[in-house]
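A.B. asks: I would like to see how this sequence folds:
(one chain, ligands or ions: 1)
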Amino acid sequence: MVYAGILAGGRGERMGHTQRPKQFLPIGGRPILIHTVERFLHAGCIDRVLVAVPAKWMEYTKVLLEKYLPEAAVSVVEGGEDRNGSLLRVCGYIEKTFGIKEEDVLVSHDAVRPFVSARILEENVRFAREVGAANTMLPAIDTIATGEGEFLDTIPPRELMYQVQTPQSFRMAAFIEVCRSLTEREAKTLTDASKIYRLKGLPVKIVVGEQQNFKITTPYDLAVADFLCKNQPA
Ligand code: C5P
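C.D. replies: Here you go, the predicted model:
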């Protein structure tokens, strides 16, 4: 089975919106989360979609799903403290409800990246099956530098630099095992699944990302996303 864990458990505070977390704000007349879920439902390589949202938004999410995607069987799960906490809640729900087999794959994705393509999803599933883990990454367009206080420190070779996007995908049974092997301190500081894999020396295969797969974080991003929805075919 291939599961999708769409992570919408954040409060989206950087958007400066006080009433609703950003994943529920509309683009092209429909909530961001609905656009994202729809991409997964239409991809053809995903068997089951789960969405992690803050506890107090669970009922609201169910109402939205019923309104916009009445035919779809999407599970709504309570999110966790941080992004990885939400991811682990999704894994826990799957384990309890469906059971997890060795070959089962989880494709985890930020709810606020509604323009993820079918090619990205298909490669995530394939690479996670073949290698164990995959991460979508966009080759750096700008030169990337590190800074030390107020000063430029180093400029690593641009061809080695990427911006990390989602999906991040992995064989779920192995991921749960790796997470259980973390010390309490590691578990607190490592909030990223790929970081955890690399810490353990496990391979993560790159799925080449796309600029359109950007994360809606600021009011500027929201305006761009709204424009894209209204000015391009679905
Ligand atoms: O905060 P940021 O934009 O990096 O969040 C990335 C994604 O992780 C968002 O889709 C957000 O809803 C999700 N998230 C989550 N649970 C949390 C915090 C963030 O699912 N506790």
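A.B. asks: Could you see whether the ligand lies near the helix or strand bottoming out on mean pLDDT in the chain?
C.D. replies: The weakest-scoring helix or strand in the chain, judged by mean pLDDT, DSSP states H and E, is helix 184-189 (a mean of 83). No - Helix 184-189 is not in contact with the ligand by Cβ under 6 Å from any ligand atom; minimum separation 13.8 Å. For glycine as for every other residue, the C-beta is placed from the backbone atoms N, C-alpha and C.
A.B. asks: buried ones in that helix?
C.D. replies: A187 (16 or more other Cβ atoms under 10 Å).
A.B. asks: and the protein, which residues reach the ligand?
C.D. replies: Residues of the chain lying close to the ligand by Cβ under 6 Å from any ligand atom are 7-10, 23, 52, 79-83, 85-86, 110-112, 215, 217.
A.B. asks: Buried ones among the residues you listed?
C.D. replies: 7-10, 23, 52, 79-80, 83, 85-86, 110-112, 215.
A.B. asks: Can you give the contact residues for stretch 184-193?
C.D. replies: With Cβ atoms under 8 Å, 6 or more residues apart in numbering as the contact definition, stretch 184-193 has outside contacts at 82-84, 87, 108, 133, 168, 170, 175, 179, 182, 196, 199.
A.B. asks: got the residues you listed as JSON lines, with pLDDT and secondary structure columns?
C.D. replies: Listed next are the contacts of stretch 184-193 as JSON lines, based on pLDDT from 0 to 100; DSSP: H, G, I helix; E, B strand; the rest coil:
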{"residue": "D82", "pLDDT": "88", "secondary structure": "coil"}
{"residue": "R83", "pLDDT": "88", "secondary structure": "helix"}
{"residue": "N84", "pLDDT": "88", "secondary structure": "helix"}
{"residue": "L87", "pLDDT": "94", "secondary structure": "helix"}
{"residue": "S108", "pLDDT": "98", "secondary structure": "strand"}
{"residue": "A133", "pLDDT": "98", "secondary structure": "strand"}
{"residue": "Q168", "pLDDT": "98", "secondary structure": "strand"}
{"residue": "F170", "pLDDT": "97", "secondary structure": "strand"}
{"residue": "F175", "pLDDT": "94", "secondary structure": "helix"}
{"residue": "C179", "pLDDT": "90", "secondary structure": "helix"}
{"residue": "L182", "pLDDT": "89", "secondary structure": "coil"}
{"residue": "I196", "pLDDT": "91", "secondary structure": "helix"}
{"residue": "L199", "pLDDT": "90", "secondary structure": "helix"}
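A.B. asks: which pair in the residues you listed spans the largest distance?
C.D. replies: Put simply, by Cβ to Cβ the two of the contacts of stretch 184-193 set farthest apart are D82 and A133, 19.4 Å from each other.
A.B. asks: if we can go back for a sec, next one: the least confident helix or strand of the chain to chain centre, how far?
C.D. replies: Relative to its chain's centre, helix 184-189 lies at 21 Å (Cα atoms, centre = their mean, to the nearest Å).
A.B. asks: Ok, stretch 214-225 next?
C.D. replies: Stretch 214-225 sits 16 Å away from the centroid of its parent chain (Cα atoms, centre = their mean).
A.B. asks: That one: which residues count as buried?
C.D. replies: Here stretch 214-225 shows 214-216, 221-222, 225 as buried, counting by 16+ other Cβ under 10 Å.
A.B. asks: Start and end of it, how far apart?
C.D. replies: Terminal residues of stretch 214-225 are spaced 9 Å apart (Cα to Cα, to the nearest Å).
A.B. asks: Same check on stretch 11-30?
C.D. replies: Start-to-end span of stretch 11-30 (Cα to Cα) is 19 Å.
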